[in-house]
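>>> Quick one: sequence and predicted model below, then my questions.
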Amino acid sequence: MTILQSTKKMKFPVSWYGALKDLDSIAVQFTNDQVGDYGDRNLYVKEVIIDKQIILSYQYNSQFDLEDWDGRNRIFNNSGSLAESAMERLYSLGIDSASIIAIPGKKVSINRTFTSALAFRNWLNTADINVEGINIISLGTHAKRTWLTYYKILDEKYNVGIISIPDTKENLPGKRKALTVLRETLGIIWYRIILLPY
């Protein structure tokens, strides 16, 4: 069955007439993942509901094949935060698990960079390690706001560096790119306001 997704949240009914005891997995293949003038196209499956009563949430029940659907580049969704998800991805790339610590911030819909910086500062204040400086990896124009936030939250006690990696949104056509830059500029102004106490 082929289903076309839009930018809105949607429910997709699928008819299946077998017995539940014969069902051991459900596969969703996202065949048109790409980046274009509209930005990055992604599919997010929140949950699977069977017979309007059995609810399978994505967390702890999902496996993702990146690129080819062959199991060679597979990740498992066993994380409760983006920090934990990034940690698991780094594990899968072969980085020593002793070198990685996930520090998730509170779940918020706005000011995520600010919340992440506060969580890192709180962890740093209780961690039994000597830190002189940190490097943060961020996307494109968002890197400036990220650096400013960590620099202020950490009370200028540490050397804070920023590594800006390319953002696909920066390749948008004129008007959409301008809106992205404007949004980030307003974000920097807003963050300067909420960072005044720091």
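Okay, I see it.
>>> Okay, helices next: where are they in the chain?
82-92, 112-126, 142-153, 174-194 (DSSP state H).
>>> could you dump those to TSV with distance to residue 159, mean neighbour count and mean pLDDT?
Every residue, glycine included, has its C-beta placed from N, CA and C. Formatted as TSV, those follow (distance: least, C-beta to C-beta, whole Å; neighbours: other C-beta atoms under 10 Å; pLDDT from 0 to 100):
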stretch	distance to residue 159	mean neighbour count	mean pLDDT
helix 82-92	22	15	80
helix 112-126	13	16	91
helix 142-153	10	20	89
helix 174-194	20	13	79
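>>> Indicate which one of the ones you listed is closest to residue 166.
helix 142-153 (10.6 Å; C-beta to C-beta).
>>> can you give me the angle that closest one makes with helix 174-194?
0 degrees (axes from the mean of the first three to the mean of the last three C-alpha atoms, to 10 degrees).
>>> so residue 113 makes contact with residue 146?
Yes: with contact defined as C-beta atoms under 8 Å, residue 113 counts as touching residue 146 (5.5 Å).
>>> rewinding a little: is it possible to export the helices of the chain to a markdown table including distance to residue 57?
Listed next are those as a markdown table, based on distance: least, C-beta to C-beta, whole Å:
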| stretch | distance to residue 57 |
| --- | --- |
| helix 82-92 | 15 |
| helix 112-126 | 22 |
| helix 142-153 | 29 |
| helix 174-194 | 31 |
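>>> No more questions from me, cheers.
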